[in-house]
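Undergrad: just to be clear, the model below is a prediction. Sequence and coordinates:
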Amino acid sequence: MVGLIYLHDKNNMTKQLGRQFILTVSLIAFSAAALSAEYYVSNTGDDSFTASQAQSLNTPWKTIAKAASSLIAGDTVYIRGGTYQEQVNVLSSGSLGRFINFSGYANEMAEIRGTGVLPAGGSAGNWYGVINVQNQSFIQFSNLNVTQSEGFGFFLSNTNSVNILNNKISDISYASVYSENSSKITVSGNDIKRVSQTGNQQEALSMASTNGFTVSNNKIQGGLNEGIDIKAGSSNGAVYGNDVSGIKRIGIYVDAWQQNSSNIDVYNNIVRDPDMTVSTSGQDGVRLGVEFGGSLSNVNVFNNVVYGSKANGINIASYHADGTTAPVYDNISIYNNTVFGNSVSADWAGGISIEEGITITNLSIKNNIVRANSSGVGDFEIQVGTGLSATLSNNLTSSDPLFVDAAAHNFNLQADSSAINGGTMISGLTTDFAGNPRTGNPDIGAYEYVAMTTAVPEPSAFALMVAGIGLLGWRVRRQQNHAV
């Protein structure tokens, strides 16, 4: 009996504790929401307004710098349309679940311009941006127009959890976004034009020594060097859904440099139409490299579309600086890519190239369409360097893949293509370049065949009305006949 009473009391105590816990969590959530504030910045504002006043559209601050010096975790500043000629330095951190947010207001375009306000340039490089985040974390930027910088667009150093989303970034001397010694960096949905314009070895978008990164769904047009560069030991990240064009050198480059880079996926990107006004040296669509004695491992390159490169479509490179050891690679997989019409103006180049003079283990090349990449002396579709070993299977290199319209760069498959169901199953490969499911044996190349269907148009309201009247008349006549 005592035992029964004890259990009953214990259950009541558990319920009471549960209610207290829920109440405590609710109060914490309410307090966090209450502490978060929304501020406004406008060209017509005044930085002498108090923080309370700046929470109204009618009494905004005038500069983004004022907001940056005032925000705390969970705060958001909405920047009204107009031109802001200033450098923005983020001075405080957000926290997990309570980012500090810098956002353009509604459908207005806030342009942050670096002309005349950034430090003077120097031959050693301009290591600053229009927007700088150094030693701060949990920051987000969205729907802004960042332009005209003699340095970078966004410069991130020693940061954690920074999101750069859906911005326009243009006319930048160095990289649009440069991240170094940081972690959990996301750069997604940005429109990037005319960056990396000074020829100083900075790329259009750079992840350097960054652990945990996502570079996705960006459109990059124009740059003197590489398009996207994952370098200097950057690991544990993904590059996907990007459209890279007009680049003078490599479209997407993963270069371990002198560190050890690993666990990187490069997929569902399109690399195309490079700048043809420069020499062919180093002009590949996608390249893996180790330039200064490090190593690169656990890299998957799949579902990409690469066409029009001057040199190789996809290349595992042997280049390394004098006095350093040859590149070391392990567990590299290249599969289900469409590599078409590369090696446009280079001899001894082709579709997929694995250069000799490297150390590589566990290399797999499967299910790729590699065609029309042989336009000059010594060109090839797939070439693995002398003395190297690789697993090659189910690649389409000689027969016509029967694209819908290769001239218009429509690399979907026609119904009678030999690539359909011609691939070998690969663990984890569930969708194609366009997001269509891959089931059973996948099709070769970046696209699964999808049968074209003729859509039946929905009936108009008038047609439905006529049909309804007809049906009503039929029922009336039927009832009359039945009555007779």
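TA: Arrived safely, thanks for sending. Numbers count the residues shown, from 1 in each chain.

Undergrad: what segments of the stretch 101-250 of the chain are strands?
TA: When assigned using DSSP state E, counting those that start in this stretch, the strands of the stretch 101-250 of the chain occupy the ranges 110-113, 129-134, 137-142, 144-149, 152-157, 160-165, 168-172, 177-188, 191-193, 205-216, 219-223, 228-231, 235-240, 243-247.

Undergrad: the stretch 301-450 of the chain too?
TA: Using DSSP E, counting those that start in this stretch, the strands of the stretch 301-450 of the chain run over 305-307, 314-316, 328-335, 338-340, 350-354, 359-366, 369-371, 380-384, 391-393, 403-405, 410-413.

Undergrad: as CSV, those with distance to residue 273, mean neighbour count and mean pLDDT would be great.
TA: For glycine as for every other residue, the C-beta is placed from the backbone atoms N, C-alpha and C. Shown next, in CSV, are the strands of the stretch 301-450 of the chain (distance: least, C-beta to C-beta, whole Å; neighbours: other C-beta atoms under 10 Å; pLDDT from 0 to 100):
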stretch, distance to residue 273, mean neighbour count, mean pLDDT
strand 305-307, 8, 25, 97
strand 314-316, 17, 29, 98
strand 328-335, 22, 20, 98
strand 338-340, 13, 28, 98
strand 350-354, 17, 28, 96
strand 359-366, 25, 18, 98
strand 369-371, 18, 27, 98
strand 380-384, 21, 20, 96
strand 391-393, 28, 13, 98
strand 403-405, 16, 15, 98
strand 410-413, 14, 19, 98
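
Undergrad: turn these into TSV, including distance to residue 231.
TA: Shown next, in TSV, are the strands of the stretch 301-450 of the chain (distance: least, C-beta to C-beta, whole Å):
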stretch	distance to residue 231
strand 305-307	20
strand 314-316	16
strand 328-335	15
strand 338-340	23
strand 350-354	20
strand 359-366	19
strand 369-371	26
strand 380-384	25
strand 391-393	27
strand 403-405	34
strand 410-413	29
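
Undergrad: quick check: which of the ones you listed is nearest to residue 241?
TA: Proximity to residue 241 (C-beta to C-beta) singles out strand 305-307 among these, at 11.6 Å.

Undergrad: circling back to that earlier point, for the strands of the stretch 301-450 of the chain, which one sits closest to residue 85?
TA: The nearest among the strands of the stretch 301-450 of the chain, by C-beta to C-beta, is strand 305-307 at 39.5 Å.

Undergrad: okay, and residue 92 sits in which element?
TA: Taking DSSP states H and E as the definition, residue 92 sits outside all helices and strands.

Undergrad: that one and residue 45: what is the separation?
TA: The spacing between residue 92 and residue 45, counted by C-beta to C-beta, to the nearest Å, is 21 Å.

Undergrad: between these two, which one's more packed in?
TA: More crowded of residue 92 and residue 45, by other C-beta atoms under 10 Å: residue 45, with 21 against 16.

Undergrad: I'd say the more buried one and residue 56 touch.
TA: No - contact criterion C-beta atoms under 8 Å: residue 45 and residue 56 do not qualify, at 10.4 Å.

Undergrad: just name the shakiest helix or strand of this structure by mean pLDDT.
TA: None of the helices or strands of the chain scores lower by mean pLDDT, DSSP states H and E than helix 461-483, at a mean of 40.

Undergrad: just the pLDDT for residue 251.
TA: As summarised for this prediction, residue 251 has a pLDDT of 96.

Undergrad: tally of neighbours for it?
TA: Counted with other C-beta under 10 Å, the neighbours of residue 251 add up to 31.

Undergrad: check contacts around the nearest residue to it once chain neighbours are set aside.
TA: Distances taken as C-beta to C-beta, 6 or more residues apart in numbering put residue 271 closest to residue 251, at 3.6 Å, once the chain neighbours are dropped. By C-beta atoms under 8 Å, 6 or more residues apart in numbering, the residues touching residue 271 are 227, 244-245, 251-252, 285-286, 304-307, 309.
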